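1. Just to be clear, the model below is a prediction. Sequence and coordinates:
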Amino acid sequence: MNSIDILLARLDGLSRNDLEHWIAQNWVRPDHVAGEPVFREIDIARVQLILELRTEMDIDEAALPVILSLLDQVYDLRRRMRELAAALEQAAPEPVRQNLLALLARAAD
Amino acid sequence: MDDPYKTLGVARDATQAQIRRAYLKLAKQHHPDLNPGNTKAEEHFKTVSAANDVLSDPETRGKFDRGEIDAAGHERAPKPSYRDYADSETGRRYAQDGAQQGGWSHDDLNDVFGSMFGEGRRPGNAGPARGQDARYTLTTAFLDGVNGATRRLTLPDGQSLDVKIPPGTEDGQVLRLRGKGGEGWKGGPPGDALIEIHLAPHAFYTREGAEIRLTLPVTLAEAVLGGPVDIPTPAGTVRMRIPPHSDSGTILRLRGRGVPAHGGHGAGDLLATLHVVLGPPDAALDAFLRDWKPEHPLNPRQAMEQEP
């Protein structure tokens, strides 16, 4: 189980204050066990990303929620695209899939 | 290996601040977590990062400038990358609504497919749901609303619907045909058809609730002497005796001859307002009136004279 302390040790340049602030803002959403935040790998990677955005890329904190929201939407849409592709693979017979590919190839023109 | 100065787009004598600015600009543009699925951006970001690793530290930059190391520098150790998690099932954790449940909502489907799947289906969630109600208007004859009728409604898709208009239907009333609306979703029941009835005006009937009114033209002789007349009613002609000396404007009430009884409401009455019609000129009538001395002389405008 990854506690705040483990995270602080794992990620260079991460301050407890910042991390607690990000959690309070709901930008990072760890599980809570006995009232203490517990981080999954995706949470850690997200903290790492926010840290990079803040430090390496000089992103203003005010801009952060905008970026995170758009980013979440992008990943959301990508997941939906994959679900759509999977559903089409199951539901659409081969000729339909071929037709679909041809139409999509033309859509870019 | 590319020249790190060229990669970052800075001059060889650029200051550390200029190098950092150039790196930041490119990093923001090509960060792989911000460009999921874009392998070009990922490659570009690696090159930019490597160039920055060499040039951001004055010591390694000096070594590179003196030819002591080449641009490859050292590759960054792979770090946990957000996109690896976000771009898999795990990523649902940070989906926009924070929801964990799978399945596409109606709005999702509409977003992606627009009108392809039509408007008729509206699941509250992923489960079965009732179809949408369909709304139509049907204009029909005045008497259909009084006596009731069955009328065929042609739908926009070419299908038709038999609409049973019950007796006593009012103008603007909405009839509900159960199950004749949009199809259900995932086995849910279909919606209803809601049909707003419009009644066209009648040539001589008007209606107020269950009462029907008409103006009944009578001759001078019928008004003075009384007698049987035929009065049209929604249920057919009725013969009725007009009392003698019925003035123009007299209202005759025909009980139960208005809107027929329906759904617990008793039948309404028909109210006929008499209207005396003199007809074409008649020499005998003129002669009679010229010589006529009324038994009780009358000034019908007396009330108007007293009240200015």
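-> Cool, got the structure. Numbering: from 1, shown residues only, chains lettered A, B, ... in the order given.

2. contacts, neighbours, all on C-alpha from now
-> OK.

3. Against A:Leu88, how distant is the nearest residue to B:Lys186 once chain neighbours are set aside?
-> Leaving aside its chain neighbours, B:Lys186 sits nearest to B:Pro128 (4.6 Å; criterion: Cα to Cα, 6 or more residues apart in numbering or on different chains). The gap separating B:Pro128 from A:Leu88 is 22 Å, by Cα to Cα, to the nearest Å.

4. check contacts around the residue nearest to B:Lys186.
-> Taking Cα atoms under 8 Å, 6 or more residues apart in numbering or on different chains, we find B:Pro128 in contact with B:Gly184, B:Trp185, B:Lys186, B:Gly187, B:Gly188.

5. likewise A:Arg16?
-> Residues near A:Arg16 by Cα under 8 Å, 6+ apart: A:Ile4, A:Leu8.

6. now B:Ser81
-> Counting by Cα under 8 Å, 6+ apart, B:Ser81 has contacts A:Ala45, A:Leu49, B:Asp33.

7. what does chain A put close to chain B?
-> A:29, A:41-42, A:45-46, A:48-49, A:56-58, A:69, A:71-73, A:75-76, A:78-79 (Cα under 8 Å from any Cα of the partner chain).

8. Which of those are buried, as a PyMOL select command?
-> Command for PyMOL, covering only those of these found buried under the criterion 16 or more other Cα atoms under 10 Å in any protein chain shown:
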select buried, chain A and resi 29+41+42+45+46+48+49+57+71+72+73+75+76+78+79
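
9. tell me how far the worst-scoring helix or strand of chain A on mean pLDDT is from the chain's mean position?
-> The helix or strand of chain A with the lowest confidence, counting by mean pLDDT, DSSP states H and E, is helix A:94-107 at a mean of 82. The chain centre lies 30 Å from the centre of helix A:94-107; the measure is Cα atoms, centre = their mean, to the nearest Å.

10. Quick one: the helices in chain A, in order.
-> With DSSP state H as the criterion, chain A has helices at A:4-10, A:16-24, A:41-54, A:64-91, A:94-107.

11. So which of these is nearest B:Ala193?
-> Smallest distance to B:Ala193 across the helices of chain A (Cα to Cα): 31.9 Å, for helix A:64-91.

12. Just want the angle from the closest one to helix A:16-24.
-> Orientation check (axes from the mean of the first three to the mean of the last three Cα atoms, to 10 degrees): helix A:64-91 against helix A:16-24 gives 50 degrees.

13. got the residues of chain B near chain A?
-> Checking chain B against chain A by Cα under 8 Å from any Cα, the hits are B:24-25, B:27-28, B:33-34, B:36, B:80-82, B:85-92, B:94-96.

14. one step back: for the contacts of B:Ser81, give me JSON lines that also has pLDDT and distance to B:Gly158.
-> Listed next are the contacts of B:Ser81 as JSON lines, based on pLDDT from 0 to 100; distance: Cα to Cα, whole Å:
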{"residue": "A:Ala45", "pLDDT": "91", "distance to B:Gly158": "57"}
{"residue": "A:Leu49", "pLDDT": "93", "distance to B:Gly158": "57"}
{"residue": "B:Asp33", "pLDDT": "88", "distance to B:Gly158": "52"}
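
15. okay if I get those residues as JSON lines plus distance to B:Gly67?
-> Below are the contacts of B:Ser81 laid out as JSON lines (distance: Cα to Cα, whole Å):
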{"residue": "A:Ala45", "distance to B:Gly67": "36"}
{"residue": "A:Leu49", "distance to B:Gly67": "34"}
{"residue": "B:Asp33", "distance to B:Gly67": "33"}
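
16. which one of those sits closest to A:Glu83?
-> Nearest to A:Glu83 out of these is B:Asp33 (Cα to Cα; 20.6 Å).

17. contacting residues around residue 58?
-> Reading this off chain A. B:Leu24 are the contacts of A:Asp58 under Cα under 8 Å, 6+ apart.

18. The chain in question should be chain B.
-> Residues near B:Pro58 by Cα under 8 Å, 6+ apart: B:Gln16.

19. distance of it from chain A?
-> 17 Å (Cα to the nearest Cα, to the nearest Å).

20. What separation do you get for that residue and B:Gln16?
-> Counting by Cα to Cα, the gap from B:Pro58 to B:Gln16 is 8 Å.

21. swap in B:Pro234?
-> For B:Pro234 relative to B:Gln16 (Cα to Cα), the value is 98 Å.

22. For the two, indicate the residue with more neighbours.
-> The residue with more neighbours, out of B:Pro234 and B:Gln16, is B:Pro234; 18 against 14, by other Cα atoms under 10 Å in any protein chain shown.

23. Specify the local secondary structure of the more buried one.
-> coil (DSSP: H, G, I helix; E, B strand; the rest coil).

24. wait, isn't it in contact with B:Asn147?
-> Yes - judged on Cα atoms under 8 Å, B:Pro234 makes contact with B:Asn147 at a distance of 7.3 Å.

25. and the residues of chain B next to chain A, which are buried?
-> With burial judged by 16+ other Cα under 10 Å, the buried subset of the residues of chain B next to chain A is B:24, B:27-28, B:33-34, B:36, B:81-82, B:85-87, B:91-92, B:94-96.

26. Widest-spaced pair of these?
-> Taking Cα to Cα as the measure, these span a maximum distance of 29.4 Å, between B:Leu24 and B:Arg92.
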